[in-house]
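[1] Below: sequence and its predicted model.
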Amino acid sequence: MHRRWLVNRTNPEFIHHLSTTASVSPLLAQILINRGIKTAGDIRSYLNHGLADLSDPFAIQGMKEAVARIMEASRSKEKVLVHGDYDADGLTATAVLLKALKLAGIETCYFIPNRMEHGYGFHPASIKKAKLSGASLIITVDCGITSFETAEICRREGIDLIITDHHEPAAAHETKKPGDGETEEDEASHQHFRLPDALAVINPKLSAADCQLSTLSGAGIALKLSHAIFMSAYNTDSHSMMRDLLDLAALGTTADVVPLTGENRIIVREGLTLIGNGICPGIQSLKRVAGIEGKRPSTGLLSFSLIPRINAAGRMADANDVIKLFLTDSMEEADRLSLWLDTLNSRRQQIEEEAYQEALALLGVKGTGPAIVLASEKWHKGVVGIVASRLAETFYRPAFIFSIEDGIARGSARSIPPFNLYNALTGCKEFLRRFGGHKLAAGLELEKRNLSSFEKCMNSLAEESLSEADLVPSLEIDADINFSDIGFHLTEEFTKLEPFGYGNPEPILGSKELEVLFPKILKDAHLKMKLRKKNRSLDAIGFNMAPLLDRLGPAGTVDAVFTLFVNEWEGKSYLQLNIRALRPSQ
C-alpha cells in the first residue's frame, strides 16, 4: 500500500539545547520532541518515572463511594461478585480485582459472559449467579457503562452495583457530527452523560476531557480500584501490594491497544518486569507453551504470543477457565489450561484465515467504498473482530464485519484515526439494536434486514468526513539519520523509551541514497539484503516485502525507513535494520 513519508524536523538549535540540558543524544532529543516532550524536566520525568508517580486513585470520580461500599462488604462479611468480559483486557481486569478483594479479606465469585450465549456487556445472567451465590454486591470490570436495563434489574433485585469501565459513556445530548474527530470544543461540550443506576460508576471518561486517566484500559481501572482498596484497608505501603498485580494489568493494557503514555506506560513497564520474572504460575506456563520462556518480554512479543492465546478462549469457547489460569497456585493446573488455550488458538487461526480469505473474495466482487461492510452466516462470531482489524489495516478505511445468526447480525468494527467509530455509530443508531466501544474499535448488533441501510448510512458518513488524503496512511519518520551514526549505542539509548506500542511507537528512522547488496528472498516472503553508504554497511530485512525485490533493479540507490534491532545468534549480537518502507532514491 502506498504511504506518505513524513519526516519530523525541529530547529537544530533547540535540539542541541535540549540534548545538552537533558543529557541525552541529539537523536533522542528529536524523538522525544516528536512525542511532545520538550523540556529537560519532562524528559527526566518521562525516562525515570515509576510506581511512585502513579496518581491518587481517589481522584477518579466515583472511587470514594465505591471503596466505601467495598469496605462495608469486608466488615459485614458479604460476598462480592465480579462481572468481567471475555477478552484479554476484561479477563485480566477480573483477575486483578479478585486478587485485590481476596487480600482485603472479602469472599468473592465471578461471572464471565459467554460470547455466543450472552454477548458483550453486563448481562442479567450475572445477577442470577449473584443471587444463587449469595452475593449482595456486583462490581463490573471493562463493561457496564451503557448497561441501563441490567442495572435496573440489579436495583429491583436488591443487589448493590458498582460499575468500572473505560468505554465511551452515552451522552445525554449528542452534540458532535458523526464520524468527526474530537476537538477541544467538542470535548468540553460533553459534560453530562446518561449513566446506569448504580451505587458508583468509575470511568475516567466521565471526568474532565484532559484527564490523563481517560485512556486507561479495563485492567488499568481495576488496578486503580485495587490500589484504592489497599490504601483504605491497610496502613502498609499500598504500592508494594499493588506491585503483584502489575503483570496482569500490563497484559490487559497491552491487549486493549490503549496509548502507552502516562500511567499506562508505567503499568506496562513495571508489569513487563514481573512477567519476565515468572511470578504467576499461569503466566509462567503460558510463556512456556507459547515458546517465549527465557525471552525478554516486550509489548510486541506479548501481542503475538500470550495475548492471542488468552483471547482464544472468549473467541472459541468459554473464558471462565482463563480466570482459573490466572489465579491458580498449581503449576500442573496451569499447564493443563495453557495447553487448552494453545489448542483453541490454533483452531482460531484456521477459522480466522478462512473468514479473512472469504471477506477478500467478497470485496473483490463488490469493491471497496469509504467504509467496508461485510456479513456472512458462515463466519464465526469469535473472529469477526480480527478480520475487521486486518481489513481496516490492509485497505486503510473503517471496516464492519458481521456474523449472521437467526436474522441477527452481530459484528465488530475497526477504524482509522481520522474516523471516530463511536460517533459514526451514533449517527446510524436508528438501524442498530445496540452498540458500544471507542473511537477506533466497537461492537454492534442489528437485524439482518437493516444491513443494507446501515451500510448506506455508514458509507455516507465516511464519504462526508474522510478526504482522499485521510485514506492514505502516513509513515511518520522520527529523524533522517546518517548511516555512519548507526550503532549499538542507539539501541541501548532507545530502550529508555520502552515499552513501545500505540501512542509510543518504536523510533522510526530514515536514510537516503543507500546501495543494495546481495538481495534475496527468505521463506518465499521476506526480503533480506545489506544496505551500504560509503564505508558503512548493515544487514537489513523487510518482512513480507518479497515483491519489492523486482523493483530494486541492478543499479541505483534506495531510500529506506527502518527500526533498529539487535539480532542475537550463537552467543553473538548483530545490529540489523528492520525495513518499514523502501523506494528508489528521490
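    Here it is on my side, so go on.

[2] and residue 152, what does it touch?
    Under the criterion of Cβ atoms under 8 Å, 6 or more residues apart in numbering, the contact list for residue 152 reads 196, 197. For glycine as for every other residue, the C-beta is placed from the backbone atoms N, C-alpha and C.

[3] Surely it is within a strand?
    No. Under DSSP: H, G, I helix; E, B strand; the rest coil, residue 152 sits outside any strand and is assigned helix.

[4] Would you mind measuring from it to residue 124?
    For residue 152, the distance to residue 124 equals 10 Å [Cβ to Cβ, to the nearest Å].

[5] Equivalent analysis for residue 136, please.
    As judged by Cβ to Cβ, residue 136 and residue 124 stand 17 Å apart.

[6] contacting residues for residue 290?
    Contacts of residue 290 by Cβ under 8 Å, 6+ apart are 305, 306, 309, 342.

[7] now, which of these lie within helices?
    Cross-referencing those against helices under DSSP state H gives 306, 309, 342.

[8] so which helix or strand takes in the nearest residue to the first one once chain neighbours are set aside?
    Excluding the flanking residues, the one nearest residue 306 by Cβ to Cβ, 6 or more residues apart in numbering is residue 286, at 5.4 Å. With elements taken from DSSP states H and E, the one containing residue 286 is helix 281-290.

[9] ok, now residue 89?
    Assigned by DSSP H and E, residue 89 belongs to helix 88-103.

[10] Just list what that helix packs against, helices and strands only.
    Judged by 3 or more Cβ pairs under 8 Å, 6 or more residues apart in numbering; DSSP states H and E, helix 88-103 is in contact with strand 79-83, strand 107-111, helix 218-233, helix 246-255, helix 306-316, helix 320-327.

[11] And the last one, what does it pack against?
    Packing partners of helix 320-327 (3+ Cβ pairs under 8 Å, 6+ apart): helix 88-103, helix 281-290, helix 306-316, helix 331-366.

[12] in that helix, what's buried?
    Going by neighbour count (16 or more other Cβ atoms under 10 Å), the buried part of helix 320-327 is 320, 321, 322, 323, 325, 326, 327.

[13] Turn the residues you listed into CSV, including distance to residue 390 and pLDDT.
    Converted to CSV, the buried residues of helix 320-327 look like this (distance: Cβ to Cβ, whole Å; pLDDT from 0 to 100):
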residue, distance to residue 390, pLDDT
320, 28, 96
321, 27, 97
322, 24, 98
323, 28, 98
325, 27, 98
326, 28, 98
327, 33, 98
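
[14] Going by distance to residue 280, which of these wins?
    Nearest to residue 280, judged by Cβ to Cβ, of the buried residues of helix 320-327 is residue 326 at 6.8 Å.

[15] Return the distance of that closest one relative to residue 477.
    In terms of Cβ to Cβ, residue 326 sits 40 Å off from residue 477.

[16] Residue 152 now?
    Taking Cβ to Cβ, one finds residue 152 at 52 Å from residue 477.

[17] picking up where we left off before, tell me the most buried of the helices and strands packed on helix 88-103?
    helix 246-255 (a mean of 30; mean count of other Cβ atoms under 10 Å).

[18] related to what we said a few turns ago, quick one, the helix holding residue 89 and helix 246-255 angle?
    160 degrees (axes from the mean of the first three to the mean of the last three Cα atoms, to 10 degrees).

[19] Sort out which residues of helix 88-103 are buried, please.
    Result for helix 88-103 [16+ other Cβ under 10 Å]: buried residues 88-101, 103.

[20] and that helix with helix 306-316, angle?
    Using the same axes, to 10 degrees: helix 88-103 against helix 306-316 is 100 degrees.

[21] CA atoms of helix 88-103 as CSV?
    What follows is helix 88-103, C-alpha atoms only, in CSV (Å, rounded to 0.1, in the frame of the first residue of the first chain):
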residue,chain,number,x,y,z
ALA,A,88,-7.9,-10.3,27.4
ASP,A,89,-8.5,-6.9,29.0
GLY,A,90,-11.7,-8.0,30.7
LEU,A,91,-10.2,-11.3,31.9
THR,A,92,-7.1,-9.7,33.4
ALA,A,93,-9.2,-7.0,34.9
THR,A,94,-11.4,-9.6,36.6
ALA,A,95,-8.3,-11.5,38.0
VAL,A,96,-6.7,-8.2,39.2
LEU,A,97,-9.8,-7.3,41.2
LEU,A,98,-10.5,-10.8,42.5
LYS,A,99,-6.9,-10.9,43.9
ALA,A,100,-7.3,-7.5,45.5
LEU,A,101,-10.6,-8.4,47.1
LYS,A,102,-9.1,-11.6,48.5
LEU,A,103,-6.2,-9.7,50.0
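
[22] chain center to that helix, what's the gap?
    18 Å (Cα atoms, centre = their mean, to the nearest Å).

[23] same question, stretch 318-338
    Distance, centroid of stretch 318-338 to centroid of chain: 23 Å (Cα atoms, centre = their mean).

[24] From the opening residue of that stretch to its closing one, how far?
    End-to-end distance of stretch 318-338: 14 Å, with Cα to Cα, to the nearest Å as the criterion.

[25] what does it rub up against?
    84, 86, 91-92, 94-95, 98-99, 110, 112, 114-115, 248, 280-286, 288-289, 309-310, 313-314, 340-341.

[26] how is this structure carved up into domains?
    Domain ranges of the chain: 49-170+190-250, 368-471, 474-584, per automatic domain parsing.

[27] Show the contacting residues for the closest residue to residue 342 other than its chain neighbours.
    Leaving aside its sequence neighbours, residue 342 sits nearest to residue 289 (Cβ to Cβ, 6+ apart; 4.8 Å). For residue 289, the contacting residues are 309, 335, 338, 339, 341, 342, by Cβ under 8 Å, 6+ apart.

[28] Which strand or helix spans residue 296?
    Residue 296 belongs to no helix or strand, assigned by DSSP H and E.
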